[in-house]
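Asker: pasting a predicted model and its sequence here:
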2 protein chains.
Amino acid sequence: MPEGNGLGVTISDVARLAGVGRGTVSRVLNERANVDPRTRSRVLEAIAALDFVPNPTARRLSLRRTQTIAVILPFLTRPSAVERLRGVEAALVRGGYDMIVFNVETVERREAVFRDLPRRERVDGLIIISLSPHETELERIGRIDLPVVLIDAHHRTLPRVVADDVLGGRLASRHLLALGHRRIGFIGDIPRIPLAFTSSRLRLTGVRREITAAGLTIPASLVAIGDHSPRRSTELATRMLTQRLPPTAIVCASDTQAAGALEAANALGMNVPGDLSVTGYDDIELADHLGLTTVRQPLFESGVRAVERLLGMIHGTPPGVLREVQPISLVVRRSTAPPSV
Amino acid sequence: MPEGNGLGVTISDVARLAGVGRGTVSRVLNERANVDPRTRSRVLEAIAALDFVPNPTARRLSLRRTQTIAVILPFLTRPSAVERLRGVEAALVRGGYDMIVFNVETVERREAVFRDLPRRERVDGLIIISLSPHETELERIGRIDLPVVLIDAHHRTLPRVVADDVLGGRLASRHLLALGHRRIGFIGDIPRIPLAFTSSRLRLTGVRREITAAGLTIPASLVAIGDHSPRRSTELATRMLTQRLPPTAIVCASDTQAAGALEAANALGMNVPGDLSVTGYDDIELADHLGLTTVRQPLFESGVRAVERLLGMIHGTPPGVLREVQPISLVVRRSTAPPSV
DNA sequence: CTCTGGCATGGAACCGGTTCCGATTGTAGC
DNA sequence: GCTACAATCGGAACCGGTTCCATGCCAGAG
């Protein structure tokens, strides 16, 4: 254990040097009224002279507040999740809070995190990204009255920041229908029930509704589900494109998967958008780069909003509307065009 | 401020219920010897009955240890950085430490982080990814005697986990030279001096050395520097490929930039690897997906190793060799082939 | 049977802040 | 000149743990 604890200057040292009591130093530090200006400046001088900085741990214990927020997210691997995290981080820094991160990639880890974390003494609040809490997990959080905000996840009773994924599915397919496509495929995620929440299913629902509304149907052979990797998506797209009646367009549940589909088309010598249209979801940097038509949702901003709401709750503001829906929009680029036939 | 602090059970409550002193409860909690087995089990019963969990903040104050590590990294946007962070997170969880993350994307933020963070008693240690500390920053850290480990960054006196970027540059270009390429280009990062550390320069050095060793040179027209985005890389590659004497191969300082170069070739109607060979760096998931020949470095593992070393330092193990070099290797995929001419 | 030594344990002191209470000082009002 | 009250401030108590020290008790040695 390292011994030298640097400048071990405490509030008592400051008090002694300034010739005042500890309480007075504390009052100066916290900018309370009722401190004589002359006393105040003497204290400030002492603080400067000693290069004193208050010990946050002691402060936390005394105030029973940690100034720390925990963020739980699965899949730190996904660009969209990381982008939300960036938003959270930026907003927390502005608010003077620390962010501690829990990446849950397995069910065991998920259980461990929900068992250990939600203790009042550890954090002041919780942000959960792309993960819908179970009832038992929720019950534990509720019992200790810990403020929580979800991002991209659902629960009837919890404040959350989401986008309308059904609408997103509709926007993508509406665009393709308007271009004249009639055989539209879908590539999405496995709904990994025990672990994470996946928006993929909702997007598929949107696609289905829009296509049904147009008087068409989407055959089972044009719906492919697999894990989130572009490689898997390439396999699925290849299989879909090489069957008897291939689609003229594919809606993908993420930009990453759309990149996989583009790769498949490329390998098969198909021209995008000439022979095949592809849409993505999220509008991450990759989408711009690939010229992907995609559904844009405000990822960074979702993190910012979640923090704003969480800090509001911590400071006693009523949570307002539970389900905050963020706007989404279709970004048309060069991966979609009318079908050639 | 919310009042209900859930189960506000303290060690005193446990002591009272078990009919022992607080010290004894603490001894049981910390599995110290010198506790009578009968007393021990009475205490354990009381703990279970009250569902008691020690308050970490109080523990921290008393032990003068935070059980928390700070991670500073620029560019949470880059897949390679995130992958390192994943490794750090995984290893810290195993060690029972919390991770607090600081994403620095501007110079102001960098300054703020280095000013506020290494204040005593905030964290037990520091991991810095892809950012070489200035002397002034270092002096501040050194003064408070805070253990630090760098990842993918350099400083003579600090323990660090790095890979040999010069070698990486050589591996990529050696491969291309062996295939018969003679005009080899390079696309890399701006060396953003005030903010982050960039390995790009070192990789270019490696490329230069290898090419020089082969009796060739690399003209200025074949070296392009730009920011890290694939879009920018596409622009640079396009310009490079449309000049009078275009390269037959391009070494890129990252997989992301290689993706940009592939995109440029694609747009120009060039066949990869027929008309152009491209290499990347890092071997992120994208590289596998694109079939990119690349230099693989253990990103996740770099985070794990940094944590192992940091925790060792915290527990008093001598740091050993300062500069720990991780192995890298060339992964040959389908983006490289002999030149057609 | 007494002395000695060691184990178990209660409780005080401490970590470094905040806050509350009561005392002191100063001043305005009569 | 005295009272009343407000402003200011010192210091105790507290947040909830850990650790050290002193004490009580018991067993074994002489």
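Answerer: In hand now; what should we look at?
Asker: kindly report the residues of chain A close to DNA strand C.
Answerer: A:5, A:8-12, A:22-23, A:25-27, A:29-30, A:52, A:54-55, A:58-59, A:61-63 (C-beta under 7 Å from any atom of the strand). No exception for glycine: its C-beta is placed from N, CA and C like everyone else's.
Asker: ok, 6 Å please
Answerer: Residues of chain A lying close to DNA strand C (C-beta under 6 Å from any atom of the strand) are A:8, A:10-11, A:22-23, A:26-27, A:29-30, A:54-55, A:58-59, A:61-63.
Asker: starting at the chain centroid, how far to the strand or helix carrying A:Thr24?
Answerer: According to DSSP states H and E, A:Thr24 maps onto helix A:22-29. Put simply, helix A:22-29 sits 40 Å off its chain's centre (C-alpha atoms, centre = their mean, to the nearest Å).
Asker: let me see the mean pLDDT of it.
Answerer: For helix A:22-29, the per-residue pLDDT values average out at 94.
Asker: can you tell me which helix or strand of chain A has the lowest average pLDDT?
Answerer: Counting by mean pLDDT, DSSP states H and E, the weakest-scoring helix or strand in chain A turns out to be helix A:135-143, with a mean of 81.
Asker: show me where chain A has strands.
Answerer: A:68-73, A:98-103, A:125-129, A:148-151, A:160-163, A:184-189, A:223-226, A:249-252, A:277-282, A:293-296, A:323-326, A:329-331 (DSSP state E).
Asker: so which of these is nearest DNA strand D?
Answerer: Of all those, it is strand A:68-73 that lies closest to DNA strand D, at 16.0 Å by C-beta to the nearest atom of the strand.
Asker: from B:Val101, how far out is the residue nearest to the spatial centre of chain A?
Answerer: A centroid search over chain A (C-alpha atoms, centre = their mean) returns A:Arg84, at 3.7 Å, as the residue closest to the centre. Per C-beta to C-beta, to the nearest Å, A:Arg84 is found 13 Å from B:Val101.
Asker: next: A:Pro147.
Answerer: Using C-beta to C-beta, we find A:Pro147 at a distance of 20 Å from B:Val101.
Asker: for the residue nearest to A:Arg305 when sequence neighbours are not counted, which residues make a bridge with it?
Answerer: Using C-beta to C-beta, 6 or more residues apart in numbering or on different chains and skipping the chain neighbours, the partner closest in space to A:Arg305 is A:Val161 (4.9 Å). Taking DSSP bridges as the rule, A:Val161 bridges to A:Ile151, A:Glu324.
Asker: separation between A:Val161 and A:Pro327?
Answerer: Distance, A:Val161 to A:Pro327, using C-beta to C-beta: 12 Å.
Asker: so if I had to pick from those two, which one is more boxed in?
Answerer: Legend: neighbour count by other C-beta atoms under 10 Å in any protein chain shown for A:Val161 and A:Pro327, higher for A:Val161 (28 against 11).
Asker: the more buried one contacts A:Glu308, correct?
Answerer: No. Look at A:Val161 against A:Glu308 with C-beta atoms under 8 Å: they stay out of range, at 9.4 Å.
Asker: would the least confident helix or strand of chain A count as contacting chain B?
Answerer: Yes. For helix A:135-143, a contact with chain B is found by C-beta under 8 Å from any C-beta of the partner chain, at A:Arg143.
Asker: helices or strands up against that helix?
Answerer: If you count contacts as 3 or more C-beta pairs under 8 Å, 6 or more residues apart in numbering or on different chains; DSSP states H and E, helix A:135-143 packs onto helix A:107-116.
Asker: tell me which residues of the helix it packs on come out buried.
Answerer: A:109-110, A:113-114 (16 or more other C-beta atoms under 10 Å in any protein chain shown).
Asker: can you list contacts of that helix?
Answerer: Contact partners of helix A:107-116, identified using C-beta atoms under 8 Å, 6 or more residues apart in numbering or on different chains, comprise A:72, A:74, A:102, A:104, A:131, A:133, A:137, A:140, A:194-195, B:93.
Asker: tell me the mean pLDDT for that helix?
Answerer: The model assigns helix A:107-116 a mean pLDDT of 85.
Asker: centre of the chain to that helix, how far?
Answerer: Centroid separation for helix A:107-116 versus its chain: 19 Å, with C-alpha atoms, centre = their mean.
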